[in-house]
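S.K.: Sharing a sequence plus its predicted fold:
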Amino acid sequence: MNRQQFLATIEAAWQALDDAIAGLDEPALAEPGVVGTWSVIAVLGHVTAVEQQALRHIEQWQGGEPLILLSGPAVDDDNAVEAARRRGWSLAQVLAEQRDTRQRLRAAVEALSDDDWTTILTVGDDKMSLGDVVAGELGGDSPGDHAAEHARQVLAWRLAR
(Lines give C-alpha, C1' and ligand atoms only; values in the text may rest on other atoms or scores of the structure.)
Protein backbone atom coordinates (compact mmCIF):
# COMPACT_ATOMS: atom_id res chain seq x y z
CA MET A 1 0.00 0.00 0.00
CA ASN A 2 1.52 3.31 -0.99
CA ARG A 3 1.36 6.42 1.19
CA GLN A 4 -1.60 7.99 -0.61
CA GLN A 5 -3.58 4.75 -0.47
CA PHE A 6 -2.82 4.50 3.23
CA LEU A 7 -4.01 8.06 3.85
CA ALA A 8 -7.23 7.34 1.94
CA THR A 9 -7.72 4.12 3.91
CA ILE A 10 -7.29 5.69 7.33
CA GLU A 11 -9.46 8.67 6.41
CA ALA A 12 -12.22 6.25 5.34
CA ALA A 13 -11.70 4.20 8.53
CA TRP A 14 -11.95 7.32 10.68
CA GLN A 15 -15.12 8.38 8.85
CA ALA A 16 -16.61 4.91 9.37
CA LEU A 17 -15.93 5.11 13.11
CA ASP A 18 -17.32 8.65 13.33
CA ASP A 19 -20.44 7.52 11.45
CA ALA A 20 -20.84 4.45 13.68
CA ILE A 21 -21.02 6.57 16.83
CA ALA A 22 -23.04 9.43 15.33
CA GLY A 23 -26.22 10.16 17.23
CA LEU A 24 -25.27 8.24 20.39
CA ASP A 25 -25.68 10.25 23.57
CA GLU A 26 -23.07 10.24 26.32
CA PRO A 27 -24.76 7.54 28.45
CA ALA A 28 -24.87 5.23 25.41
CA LEU A 29 -21.23 5.99 24.62
CA ALA A 30 -20.30 5.03 28.19
CA GLU A 31 -22.32 1.80 28.20
CA PRO A 32 -20.07 -1.28 28.56
CA GLY A 33 -20.29 -4.30 26.31
CA VAL A 34 -19.45 -2.87 22.91
CA VAL A 35 -16.23 -4.87 22.50
CA GLY A 36 -15.88 -7.22 25.44
CA THR A 37 -16.33 -5.01 28.48
CA TRP A 38 -15.33 -1.84 26.63
CA SER A 39 -17.74 1.02 26.02
CA VAL A 40 -17.67 3.13 22.87
CA ILE A 41 -15.57 5.65 24.81
CA ALA A 42 -13.08 2.90 25.67
CA VAL A 43 -13.03 1.76 22.03
CA LEU A 44 -12.25 5.32 20.94
CA GLY A 45 -9.42 5.47 23.48
CA HIS A 46 -8.06 2.15 22.24
CA VAL A 47 -8.12 3.24 18.59
CA THR A 48 -6.34 6.44 19.57
CA ALA A 49 -3.69 4.56 21.56
CA VAL A 50 -2.93 2.35 18.55
CA GLU A 51 -2.72 5.41 16.30
CA GLN A 52 -0.31 6.99 18.78
CA GLN A 53 1.86 3.87 18.54
CA ALA A 54 1.93 4.18 14.73
CA LEU A 55 2.89 7.84 15.10
CA ARG A 56 5.67 6.86 17.56
CA HIS A 57 7.07 4.48 14.94
CA ILE A 58 7.36 7.35 12.46
CA GLU A 59 8.98 9.56 15.09
CA GLN A 60 11.37 6.78 16.15
CA TRP A 61 12.41 6.23 12.54
CA GLN A 62 12.92 9.97 12.04
CA GLY A 63 15.09 10.04 15.17
CA GLY A 64 17.15 7.07 14.05
CA GLU A 65 15.85 4.93 16.91
CA PRO A 66 15.11 1.22 16.52
CA LEU A 67 11.46 0.27 16.10
CA ILE A 68 10.04 -2.33 18.43
CA LEU A 69 6.75 -3.88 17.42
CA LEU A 70 4.50 -5.47 20.00
CA SER A 71 3.12 -8.91 19.32
CA GLY A 72 1.27 -11.70 21.07
CA PRO A 73 0.53 -11.17 24.77
CA ALA A 74 2.44 -7.86 24.76
CA VAL A 75 -0.33 -6.36 22.61
CA ASP A 76 -2.98 -7.39 25.13
CA ASP A 77 -0.84 -6.05 27.98
CA ASP A 78 -0.40 -2.73 26.18
CA ASN A 79 -4.15 -2.55 25.48
CA ALA A 80 -4.85 -3.11 29.18
CA VAL A 81 -2.36 -0.42 30.24
CA GLU A 82 -3.77 2.09 27.77
CA ALA A 83 -7.37 1.31 28.79
CA ALA A 84 -6.47 1.74 32.46
CA ARG A 85 -4.72 5.03 31.72
CA ARG A 86 -7.90 6.44 30.18
CA ARG A 87 -10.33 4.98 32.71
CA GLY A 88 -12.30 7.81 34.23
CA TRP A 89 -11.62 10.20 31.38
CA SER A 90 -14.56 12.27 30.22
CA LEU A 91 -15.93 11.93 26.72
CA ALA A 92 -14.54 15.39 25.97
CA GLN A 93 -11.03 14.30 26.99
CA VAL A 94 -11.18 11.15 24.86
CA LEU A 95 -12.48 13.06 21.83
CA ALA A 96 -9.86 15.80 22.22
CA GLU A 97 -7.08 13.21 22.35
CA GLN A 98 -8.57 11.47 19.32
CA ARG A 99 -8.71 14.71 17.28
CA ASP A 100 -5.15 15.65 18.24
CA THR A 101 -3.78 12.21 17.43
CA ARG A 102 -5.56 12.05 14.08
CA GLN A 103 -4.20 15.46 13.11
CA ARG A 104 -0.66 14.58 14.19
CA LEU A 105 -0.71 11.19 12.44
CA ARG A 106 -2.14 12.66 9.23
CA ALA A 107 0.47 15.43 9.24
CA ALA A 108 3.32 12.99 9.94
CA VAL A 109 2.32 10.69 7.07
CA GLU A 110 1.76 13.62 4.69
CA ALA A 111 5.21 14.98 5.58
CA LEU A 112 6.89 11.73 4.56
CA SER A 113 8.11 11.37 1.01
CA ASP A 114 7.22 8.30 -1.02
CA ASP A 115 10.87 7.25 -0.65
CA ASP A 116 10.58 7.58 3.14
CA TRP A 117 7.42 5.45 3.09
CA THR A 118 9.19 2.66 1.20
CA THR A 119 12.45 2.82 3.20
CA ILE A 120 13.37 -0.70 4.30
CA LEU A 121 13.92 -1.04 8.03
CA THR A 122 15.20 -3.84 10.19
CA VAL A 123 12.60 -4.56 12.85
CA GLY A 124 13.79 -7.34 15.10
CA ASP A 125 14.75 -10.13 12.71
CA ASP A 126 12.50 -8.83 9.93
CA LYS A 127 12.96 -6.34 7.13
CA MET A 128 9.97 -4.23 6.18
CA SER A 129 9.19 -0.81 4.84
CA LEU A 130 8.26 2.07 7.11
CA GLY A 131 4.88 2.10 5.36
CA ASP A 132 4.33 -1.58 6.13
CA VAL A 133 5.16 -0.94 9.78
CA VAL A 134 2.75 1.99 10.07
CA ALA A 135 -0.05 0.43 8.00
CA GLY A 136 0.39 -2.85 9.85
CA GLU A 137 0.19 -1.14 13.23
CA LEU A 138 -3.18 0.25 12.15
CA GLY A 139 -4.27 -3.05 10.66
CA GLY A 140 -7.67 -4.47 11.30
CA ASP A 141 -9.10 -6.73 8.67
CA SER A 142 -6.53 -5.15 6.32
CA PRO A 143 -3.68 -2.62 6.68
CA GLY A 144 -4.92 0.76 7.90
CA ASP A 145 -8.38 -0.64 8.66
CA HIS A 146 -8.20 -0.67 12.47
CA ALA A 147 -10.71 2.12 13.14
CA ALA A 148 -13.13 0.70 10.55
CA GLU A 149 -12.92 -2.74 12.15
CA HIS A 150 -14.02 -1.18 15.44
CA ALA A 151 -16.70 0.82 13.62
CA ARG A 152 -18.20 -2.48 12.45
CA GLN A 153 -18.18 -3.73 16.05
CA VAL A 154 -19.93 -0.58 17.25
CA LEU A 155 -22.56 -0.94 14.51
CA ALA A 156 -23.13 -4.59 15.47
CA TRP A 157 -23.51 -3.56 19.12
CA ARG A 158 -25.97 -0.82 18.16
CA LEU A 159 -28.07 -3.32 16.23
CA ALA A 160 -28.01 -5.81 19.10
CA ARG A 161 -29.00 -3.29 21.77
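M.R.: Perfect, I can see it now. From a predicted model like this one, the values you see are computed outputs, not experimental measurements.

S.K.: Give me the secondary structure label for residue 66.
M.R.: At residue 66 the chain is in coil, as set by DSSP: H, G, I helix; E, B strand; the rest coil.

S.K.: Can you give the contact residues for whichever strand or helix holds residue 156?
M.R.: Element membership of residue 156 [criterion: DSSP states H and E] is helix 146-160. Residues outside helix 146-160 that contact it (CB atoms under 8 Å, 6 or more residues apart in numbering) are 10, 12-14, 16-17, 19-21, 24, 33-35, 40, 43, 46-47, 50-51, 138-141. In short, each C-beta sits where N, CA and C put it, glycine included.

S.K.: Least confident secondary structure element in the chain?
M.R.: Lowest mean confidence among the helices and strands of the chain (mean pLDDT, DSSP states H and E): helix 73-86, at a mean of 86.

S.K.: just how off-centre is that helix within its chain?
M.R.: Computed by CA atoms, centre = their mean, to the nearest Å, the chain-centroid distance of helix 73-86 equals 13 Å.

S.K.: And for stretch 105-116?
M.R.: Centroid displacement of stretch 105-116 relative to its chain, using CA atoms, centre = their mean, is 16 Å.
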